[in-house]
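Engineer: sequence below, structure please.
(chains A, B, C and D)
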2 protein chains.
Amino acid sequence: MEQFLTDCKPCTDPHRMISEQKRHLVERIGLFNEHQGMQPAAARVMGLLLVSEEGQLTFEEIQQELGISKSAVSQSLSLLISQRQVEYITLPGQRKRYFRLRADGWRFHIEDTIEGALEYSKILREVLRHRDARTPELNQSITQLIGLLELLHKTLKETVKAWQEAYPPEPVPPAVQNPADVW
Amino acid sequence: MEQFLTDCKPCTDPHRMISEQKRHLVERIGLFNEHQGMQPAAARVMGLLLVSEEGQLTFEEIQQELGISKSAVSQSLSLLISQRQVEYITLPGQRKRYFRLRADGWRFHIEDTIEGALEYSKILREVLRHRDARTPELNQSITQLIGLLELLHKTLKETVKAWQEAYPPEPVPPAVQNPADVW
DNA sequence: CATTAGGTTCAAAATTTATTGAACAAACTA
DNA sequence: TAGTTTGTTCAATAAATTTTGAACCTAATG
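Structural biologist: The predicted structure follows:
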């Protein structure tokens, strides 16, 4: 944690292609994602995909740009793909994959967060069933919190749905296709 | 991680007062909070305060119920107090503190989450300034995400504000007062 | 004023999580 | 088919986080 890229000052390493500024931005995004609970390496991969000129990078480019091991890249990408934050495309006749952000990745993340709120409200309902009447203030504030969580859940779902309808997912990926996907 | 309380089966320890069922509920709340990024011990303290009959517990009661060290309790409580999730009261003439949940604690937590969304939208604006026009699809989906994040921020703030006005904070804590607070 | 109650602090130990490197594998390529 | 590219897997290591225990502190109490 705390730094991956900041130490490579004037970018003497010929394999690191992005600018000083961008590397700091990757780091900042990495830190932010880390604070949201993402693993450090995966957090930087997200940042890198976001700032890279091309918007899509190969496994090797990611590895060299971040200066981390092959297995760290592999595991980070697996995680991000399982979270539906990242996808990959292949060029016809090439085995190599180009990894990129999913345009709709954040929607899933937000939806998971929303479901978390609802799950907590369920736990709180269970708590209420176990509480007795001797602490009416606490019981009432738990009841109110359940109400807020359910309201937030409903509001968020509606907001995301409206946004999703305003910006429907593009039916066709640009220029290249998804490979037959064994995952 | 993974268990504090589940091993103490039929509650043979005379210092552990709450029921089997409640101890499992504490554990469940603990796990949930842990997955949200809270430290394990603090996560259980939250759970314990939520299910305990009295709604307020002493330092010693927390320690004995969770079976953890004094310093773990102290550090957990400090953390939770700094996060405004927990507060304490004292009885006149007694040094001992009674710790309890803040009725408005979750509001702060939710507000912090909401501000996180806004912060990420700011980072994304910075990302856009560093991107060139060669990847219009990616640039557009970032722009759309910024829009969603800002919309969510606004919507959530309004929702929480409405809820807060519907349930204004109680002006007077029940029965006892806060001590002169050196924090 | 010596002792106890009710904690806090912090370095060391234990635990958890993240990263690496070595071994392996599948698909191309010569 | 031998070698290379493009990865994956997993046990070992490194790093970060959590918990503990010992020492310490301060307010009450005898």
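Engineer: count the residues that sit near residue A:64.
Structural biologist: Per other Cβ atoms under 10 Å in any protein chain shown, the neighbour tally for residue A:64 reads 17. In short, each C-beta sits where N, CA and C put it, glycine included.
Engineer: sec struct for it, please.
Structural biologist: helix (DSSP: H, G, I helix; E, B strand; the rest coil).
Engineer: in what helix or strand does the residue in chain A that DNA strand C sits nearest to lie?
Structural biologist: In chain A, no residue comes nearer to DNA strand C than residue A:71, which is 2.7 Å away by Cβ to the nearest atom of the strand. Secondary structure assigned from DSSP states H and E places residue A:71 in helix A:70-82.
Engineer: that helix vs DNA strand D: in contact?
Structural biologist: Yes - Helix A:70-82 reaches DNA strand D (Cβ under 7 Å from any atom of the strand) through A:70, A:71, A:73, A:74, A:75, A:77, A:78.
Engineer: list the buried ones in that helix?
Structural biologist: A:72, A:73, A:76, A:77, A:79, A:80, A:81 (16 or more other Cβ atoms under 10 Å in any protein chain shown).
Engineer: just send those residues back as a markdown table, with pLDDT too.
Structural biologist: Putting the buried residues of helix A:70-82 into a markdown table (pLDDT from 0 to 100) gives the following:
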| residue | pLDDT |
| --- | --- |
| A:72 | 98 |
| A:73 | 98 |
| A:76 | 98 |
| A:77 | 98 |
| A:79 | 98 |
| A:80 | 98 |
| A:81 | 98 |
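Engineer: ok, the residue nearest in space to the middle of chain A - contacts?
Structural biologist: Most central in chain A under Cα atoms, centre = their mean is residue A:85, positioned 5.1 Å from the mean C-alpha point. Shown in contact with residue A:85 (Cβ atoms under 8 Å, 6 or more residues apart in numbering or on different chains): A:46, A:101, A:102, A:105, A:108, A:109.
Engineer: repeat for residue A:105
Structural biologist: Here residue A:105 is in contact with A:83, A:84, A:85, A:86 (Cβ under 8 Å, 6+ apart).
Engineer: spatially nearest residue to the second one (excluding sequence neighbours)?
Structural biologist: Excluding its sequence neighbours, the residue lying closest to residue A:84 (Cβ to Cβ, 6 or more residues apart in numbering or on different chains) is residue A:108, at 4.7 Å.
Engineer: what helix or strand is the one you found on?
Structural biologist: Using DSSP H and E, residue A:108 sits in helix A:105-130.
Engineer: after that helix, which helix or strand is next?
Structural biologist: helix A:136-166.
Engineer: how about that next one and chain B, any contact?
Structural biologist: Yes - counting by Cβ under 8 Å from any Cβ of the partner chain, contacts between helix A:136-166 and chain B involve A:137-138, A:141-142, A:144-145, A:147-148, A:151-152, A:155-156, A:159-160, A:163.
Engineer: which of the contacts of residue A:105 fall in strands?
Structural biologist: residue A:86 (DSSP state E).
Engineer: filter the contacts of residue A:105 down to the buried ones, PyMOL style.
Structural biologist: Burial among the contacts of residue A:105 is assessed by 16+ other Cβ under 10 Å; the matching PyMOL selection reads:
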select buried, chain A and resi 83+85+86
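Engineer: from the contacts of residue A:105, which is closest to residue B:50?
Structural biologist: Residue B:50 has its nearest neighbour among the contacts of residue A:105 in residue A:83, at 29.6 Å by Cβ to Cβ.
Engineer: I'd say the closest one and residue A:107 touch.
Structural biologist: No - in this structure, residue A:83 is not within contact of residue A:107 by Cβ atoms under 8 Å, at 12.0 Å.
Engineer: which residues are common contacts for those two?
Structural biologist: Contact criterion Cβ under 8 Å, 6+ apart; no residue bridges residue A:83 and residue A:107 by contacting each.
Engineer: which stretches of chain A have low pLDDT?
Structural biologist: Along chain A, the model assigns pLDDT under 70 to residues A:1-16, A:169-183.
Engineer: which positions in it make contact with DNA strand D?
Structural biologist: Contact residues, chain A versus DNA strand D (Cβ under 7 Å from any atom of the strand): A:1-2, A:58-60, A:70-71, A:73-75, A:77-78, A:94-97.
Engineer: how about the residues of chain A by DNA strand C?
Structural biologist: Counting by Cβ under 7 Å from any atom of the strand, chain A sits next to DNA strand C at A:39-42, A:68-72, A:75-76, A:93, A:95.
Engineer: from these, which two are the most distant?
Structural biologist: A:40 and A:93 (35.4 Å).
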